[in-house]
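**Q** I would like to see how this sequence folds:
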Amino acid sequence: MVKSIFELEKRTDIKKECLRMEKYLNKPQFRSLDGYSNNSTFWRMVNSCFKLWPHRYTATNASDFFDLLELHTKVEEMNNTEYFYYLQFIFDFIMWISSYCDDDIYDIDFNADLYNLFIDNEDEFNLITTNIKIIMDFSNYSIEKINDHYTFIKHDADTDSILSIIENENDLRLALLEYNDFRIENDINEKRIILKKLGDYLEPKRKEFNSINKSLTDDIFYMLNKFYIRHNNDGNIKFDSNADYIKWYDRLFKMIIHLIRSKYILDVQKELKDYIKTLEAEMKQAASDLQFERAEQLRDKIFEYKVRL
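**A** Numbers count the residues shown, from 1 in each chain. Here you go, the predicted model:
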């Protein structure tokens, strides 16, 4: 029993949230492209423009698309993973429609019907996407755009700790995000592909990583080469089940993150040491120029930085 209204913020039942979402989506409050003005359900609105959606594959409507992915179409029959697919589809589809209001894109493929569709449903769309963001946040997921899709990435303290320090390395950042995508949680093949990408990233820098932690670097490349990731030969280690492969792949992923983070820390320390040398040269020059106050300020700053090393 809820003791306070604020305790609602502390827990999320994704099944209950999806059922509540479906109830809202089935209200005849949306405008569609099939002439039903503002009396359509969300799903009728989706189906009225579904054939324009560039990611529909061969599906002709939303229900057909769910069937294509072998997902239940009724929320009450879905399992935990399917709830995420359900919410992802809704969020991604709305963001696709809303993209027609972006002045920077679709200059050639602009569609006035989709533009007006977003304008007419903007309040409902904003409410839906905001609620999905809240559900994902309380479920410990973030919403990220990967390639042309929005998807849900599970928060991981180790991964999050280095995403901010590799902002300029887009391929590496993308691989790290993809590994925590809810869609590949139990997908061995996708995990192998991503780990191979990470191995390819590490390979040309192997000497640098050896100087940081040769034992860890050797272990990582041993696993990359022997766990059916980079090579597929008789010398590989065979595990008893897919669950065992996933367990070791996840451990390898954590080891790679630790190695990348260690290199970043070492690079920062080296940069700080170089900066201290610059300050020391400035301090000596200030003393030589009889600028003693300036020299003392630099001395104190150098002492402060050296304490941090």
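
**Q** ok, and the closest non-adjacent residue to residue 165?
**A** In space, and not counting its chain neighbours, residue 165 is closest to residue 264: 5.2 Å by CB to CB, 6 or more residues apart in numbering. C-beta: built from backbone N, CA, C; applies to glycine.

**Q** in CSV, could you pull the C-alpha coordinates for stretch 275-290?
**A** Coordinates of the C-alpha atoms in stretch 275-290 are reproduced here as CSV (Å, rounded to 0.1, in the frame of the first residue of the first chain):
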residue,chain,number,x,y,z
TYR,A,275,51.4,21.1,-17.3
ILE,A,276,53.3,21.1,-14.0
LYS,A,277,56.6,21.2,-15.9
THR,A,278,55.3,24.3,-17.8
LEU,A,279,54.3,26.0,-14.5
GLU,A,280,57.7,25.2,-13.0
ALA,A,281,59.4,26.8,-16.0
GLU,A,282,57.1,29.9,-15.6
MET,A,283,57.9,30.0,-11.8
LYS,A,284,61.7,30.0,-12.5
GLN,A,285,61.3,32.7,-15.0
ALA,A,286,59.2,34.8,-12.7
ALA,A,287,61.8,34.4,-9.9
SER,A,288,64.5,35.3,-12.4
ASP,A,289,62.5,38.5,-13.3
LEU,A,290,62.2,39.3,-9.6
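
**Q** C-terminal to the helix or strand the residue nearest to residue 165 falls within, what's the next element?
**A** Per DSSP states H and E, residue 264 falls inside helix 242-288. As assigned by DSSP H and E, the chain's next helix or strand after helix 242-288 is helix 292-308.

**Q** counting by contacts, list what that next one packs against.
**A** Other elements packing on helix 292-308 under the criterion 3 or more CB pairs under 8 Å, 6 or more residues apart in numbering; DSSP states H and E are helix 242-288.

**Q** elements contacting the helix it packs on?
**A** Judged by 3+ CB pairs under 8 Å, 6+ apart, helix 242-288 is in contact with helix 157-163, helix 170-179, helix 188-202, helix 206-226, helix 292-308.

**Q** so how far is it off the chain centroid?
**A** With CA atoms, centre = their mean, to the nearest Å as the basis, helix 242-288 stands 23 Å off its chain's centre.

**Q** low-confidence stretches in the chain?
**A** The model of the chain has pLDDT under 70 over residues 1-11, 35-37, 102-110, 167, 308-309.

**Q** what about 50?
**A** Scanning the chain for pLDDT under 50 picks out 1-2, 106-108.

**Q** could you list the domains of the protein?
**A** 5-155, 161-308 (automatic domain parsing).

**Q** now tabulate those in TSV and tack on mean neighbour count.
**A** Formatted as TSV, these follow (neighbours: other CB atoms under 10 Å):
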stretch	mean neighbour count
domain 5-155	15
domain 161-308	15
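
**Q** from residue 267, how far out is the residue nearest to residue 301 when sequence neighbours are not counted?
**A** The spatially closest residue to residue 301, leaving aside those adjacent along the chain, is residue 279, at 6.2 Å (CB to CB, 6+ apart). To residue 267, residue 279 is 19 Å away according to CB to CB, to the nearest Å.

**Q** repeat for residue 18
**A** Distance from residue 18 to residue 267, by CB to CB: 44 Å.

**Q** cool, and residue 61?
**A** Applying CB to CB, the value for residue 61 to residue 267 is 52 Å.

**Q** next one: residue 119
**A** Taking CB to CB, one finds residue 119 at 48 Å from residue 267.

**Q** how far away is residue 180 from residue 144?
**A** Applying CB to CB, the value for residue 180 to residue 144 is 9 Å.

**Q** what's the overlap in contacts for the two?
**A** Residues touching both residue 180 and residue 144 (CB atoms under 8 Å, 6 or more residues apart in numbering) are residue 153.

**Q** what residues are up against the closest residue to residue 195 other than its chain neighbours?
**A** For residue 195, the nearest residue in space outside its immediate sequence neighbours is residue 229; the separation is 5.0 Å by CB to CB, 6+ apart. With contact taken as CB under 8 Å, 6+ apart, residue 229 is in contact with 192, 195-196, 199, 223, 249, 252.

**Q** try residue 62
**A** Residues in contact with residue 62, defined by CB under 8 Å, 6+ apart, are 43, 46-47, 50, 89.

**Q** 10 Å instead, please
**A** The neighbours of residue 62, taking CB atoms under 10 Å, 6 or more residues apart in numbering as the test, are 42-47, 50, 53, 56, 73, 89-90, 93.

**Q** ok, residue 307 next?
**A** So residue 307 contacts nothing (CB under 10 Å, 6+ apart).
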